[in-house]
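J.: got a predicted model here, sequence first, then my questions.
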Amino acid sequence: MRSSEGVSKALFDWATGFASSGAPLRLNAPLERSGDRCLVTGAATTTADYIDGRRERRMDFSLVLMAPWSEGADGLNAAALEEGERWLDWVEAQWPDNLPDLGEGREVTQLTTYDGAPLLVQVMPDAVTAKYQFMAHLDYRS
């Protein structure tokens, strides 16, 4: 069985519990309209192997959102980060009582956000929007 089979869907189902103020959340299908939101998951990587065949794995995931952007110092860019920062706070608050259900044989061992500022991935001046990425990771044993 592939290490990430079903984990992306479990993460998505869990992430829909975040009370977003915008468009519905999509899984691995980012669009480029203001207000679009997407949960992007990466491949799970093995971080440890055990003699009994179990493995520790890490899957990085991100909330990607499109938000209004401006070149000025008018507060618009700071406001665009607000939802993503709420997302990061929400992810951290879920440990240890509200974790993704990865299914039988898988156990979440850690759920954390990356330190540092959110990433400004792309600016689209013609559309007056920017793509922001808010990163976290899930560690699990299977």
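T.: Noted; the coordinates are in hand. Residues are numbered from 1 along each chain as shown.
J.: and the residue nearest the centre of the chain, how far from residue 128?
T.: Among the residues of the chain, the one closest to the centroid is residue 62, at 2.5 Å (C-alpha atoms, centre = their mean). Per C-beta to C-beta, to the nearest Å, residue 62 is found 23 Å from residue 128. For every residue, glycine as well, the C-beta is placed using N, CA and C.
J.: cool, and residue 65?
T.: According to C-beta to C-beta, residue 65 and residue 128 sit 15 Å apart.
J.: secondary structure element holding residue 122?
T.: Assigned by DSSP states H and E, residue 122 belongs to strand 119-124.
J.: over to residue 58?
T.: Following DSSP H and E, one finds residue 58 within strand 55-68.
J.: pLDDT on the longest helix along the chain, on average?
T.: The helix that spans the most residues within the chain, counting by DSSP state H, is helix 76-93. Across helix 76-93, the average pLDDT comes to 85.
J.: that helix packs against which elements?
T.: Under the contact criterion of 3 or more C-beta pairs under 8 Å, 6 or more residues apart in numbering; DSSP states H and E, helix 76-93 touches strand 55-68, strand 107-113, strand 129-141.
J.: and with 10 Å instead?
T.: helix 7-15, strand 37-41, strand 55-68, strand 107-113, strand 119-124, strand 129-141 (3 or more C-beta pairs under 10 Å, 6 or more residues apart in numbering; DSSP states H and E).
J.: circling back to that earlier point, touching, the residue nearest to the centre of the chain and residue 25? I think so.
T.: No - using C-beta atoms under 10 Å, residue 62 is not in contact with residue 25, being 12.0 Å away.
J.: remind me which residues of this protein are low pLDDT?
T.: Applying pLDDT under 70 to the chain picks out residues 1-5, 20-22, 72-76, 116-117.
J.: switch the cut-off to 90
T.: The model of the chain has pLDDT under 90 over residues 1-5, 19-24, 29-36, 65-86, 114-130.
J.: chain neighbours aside, what residue packs nearest to residue 41?
T.: Closest residue to residue 41 apart from its sequence neighbours, by C-beta to C-beta, 6 or more residues apart in numbering: residue 8 at 4.2 Å.
J.: measure the one you found to residue 127 for me?
T.: Counting by C-beta to C-beta - residue 8 and residue 127 are separated by 28 Å.
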